[in-house]
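1. Next one to model:
(chains A, B, C and D)
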2 protein chains.
Amino acid sequence: MSTKDIATDGDGPGLPGQVPLLLAMVFRAMNDQFHARLAELGREPLRPAHGYTFRYLATHTDATTADLAAYLGITKQAASKAVAELHEWGYLERRPHPHDRRAQTLALTRRGRDYLQLADQLWTEAEQLWTDLIGADRLEAVRRDLQTYLNHTYGDNEAPLRPLW
Amino acid sequence: MSTKDIATDGDGPGLPGQVPLLLAMVFRAMNDQFHARLAELGREPLRPAHGYTFRYLATHTDATTADLAAYLGITKQAASKAVAELHEWGYLERRPHPHDRRAQTLALTRRGRDYLQLADQLWTEAEQLWTDLIGADRLEAVRRDLQTYLNHTYGDNEAPLRPLW
DNA sequence: TCTTGTGGTCAACTGGGTTGACCACTGGGC
DNA sequence: GCCCAGTGGTCAACCCAGTTGACCACAAGA
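-> Below is the predicted model:
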């Protein structure tokens, strides 16, 4: 049985099947750092789904709530709730859809774009910490290897970015 | 503004701060595959917290519910619920603690160890897919780089492995 | 012995998700 | 042009894995 500790013992060739869990642990560590910095800066910590919403809206103009729900893999009711909150808090605005009178297009406000920019900056900090440890070349190699996996898995489709567990 | 699509466009040097999100997306992809295979095999998909419980118990004998709660970063009430379920389903057993009459030690049953072994096998499949794409050398390099980050972040402590978002 | 702390459970609540029902509107078939 | 199945959006009720709060049995050092 592979009961060997998967923790931070570090060396040796690595057990088969260990890498996926290492991915999860590293992302968790970076995410913790991200939220710690956010708290340090006194910024309200929007929930994960909000961050993904921002990122989606920044790259998809004229997106509707239903589009967002599909991307996040949640029901449109749930997406609608999130959108209502973010609108109430001034991060995004709803406008009538140009061609469909049922629908509304969503767009980030200045405040929303600022928040996303800050988030990008904090992720960059976390990434930089890793770069300092392993060097820019290795980081770039890792980035390519990750991208290779996504390209293979999703082809030309967009990789889903959303909360998971 | 960094509104460039973070999806699977693939090439180019990569945007700063992109790697943490790539980690999340790759883990998500592997996790999806994991659950798809589990469903294929007709195995009931225990919730994530259950898997982490198994992994913890396999490497920590005489663990108590409170230990588990601390490791998972949840309240002992929540841990107690999970333990009760897993016990009811035959995956673990509770025995009186040798030195403390309040406490109970937790241990996997045969059934629990079997499930963990299956999980390891499915993670190995996901990892293998990546190895096929980038080669064993690159995978091993990635594994070391991930481990380096964890070692730096947690030192000699155990890296937490738990649900997150 | 007393006091403080800890393992474990019961109960009530929270919140982000769900399913279900519904209306307003779209758009293709005829 | 008229239908009608399909879709965008919302309201309402519910679900459930987590929370906080209260509590008891026991532990362990003063």
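
2. so residue A:153 makes contact with residue B:27?
-> No. Contact between residue A:153 and residue B:27 fails when scored by C-beta atoms under 8 Å: they sit 11.7 Å apart. C-beta here means a position set from N, CA and C on the backbone, and glycine is covered the same way.

3. So the two - more neighbours on which side?
-> residue B:27 (23 against 20; other C-beta atoms under 10 Å in any protein chain shown).

4. Only the buried residues of the longest helix that chain A contains, if you could.
-> If you go by DSSP state H, chain A has its longest helix at helix A:110-134. Residues A:112-113, A:115-116, A:119-120, A:122-127, A:130-131, A:134 are the ones in helix A:110-134 that count as buried (16 or more other C-beta atoms under 10 Å in any protein chain shown).

5. tell me what that helix is packed against?
-> helix A:18-40, helix A:48-59, helix A:136-154, helix B:18-40, helix B:136-154 (3 or more C-beta pairs under 8 Å, 6 or more residues apart in numbering or on different chains; DSSP states H and E).

6. what's the angle from the second one to helix B:18-40?
-> What that stands for is helix A:48-59. 120 degrees (axes from the mean of the first three to the mean of the last three C-alpha atoms, to 10 degrees).

7. average model confidence for helix A:48-59?
-> Averaged over helix A:48-59, pLDDT sits at 90.

8. where does residue A:103 fall, phi/psi-wise?
-> For residue A:103, the backbone dihedrals are phi -90, psi 160 (criterion: degrees, to the nearest 10).

9. Counting neighbours, what do you get for it?
-> 16.

10. so how far is residue A:62 from it?
-> Distance, residue A:103 to residue A:62, using C-beta to C-beta, to the nearest Å: 9 Å.

11. Need the residues touching each of those two.
-> With contacts taken as C-beta atoms under 8 Å, 6 or more residues apart in numbering or on different chains, the residues that reach both residue A:103 and residue A:62 are residue A:97.

12. quick one: the closest residue to residue A:66 other than its chain neighbours from residue A:104, how far?
-> Leaving aside its sequence neighbours, residue A:66 sits nearest to residue A:76 (C-beta to C-beta, 6 or more residues apart in numbering or on different chains; 5.2 Å). Distance of residue A:76 to residue A:104, computed by C-beta to C-beta: 12 Å.

13. joint contacts of these two?
-> Counting by C-beta under 8 Å, 6+ apart, the residues touching both residue A:76 and residue A:104 are residue A:65.

14. Name the residue in those two with the higher neighbour count.
-> residue A:104 (18 against 15).

15. Quick check: bridge partners of that one?
-> residue A:96 (DSSP bridges).

16. Please tell me I have it right and it contacts residue A:95.
-> Yes. The pair residue A:104 and residue A:95 passes the contact test of C-beta under 8 Å, sitting 6.4 Å apart.

17. Got the domain ranges for chain A?
-> Here the domain parsing of chain A from automatic domain parsing is A:17-45+A:110-156, A:47-108.
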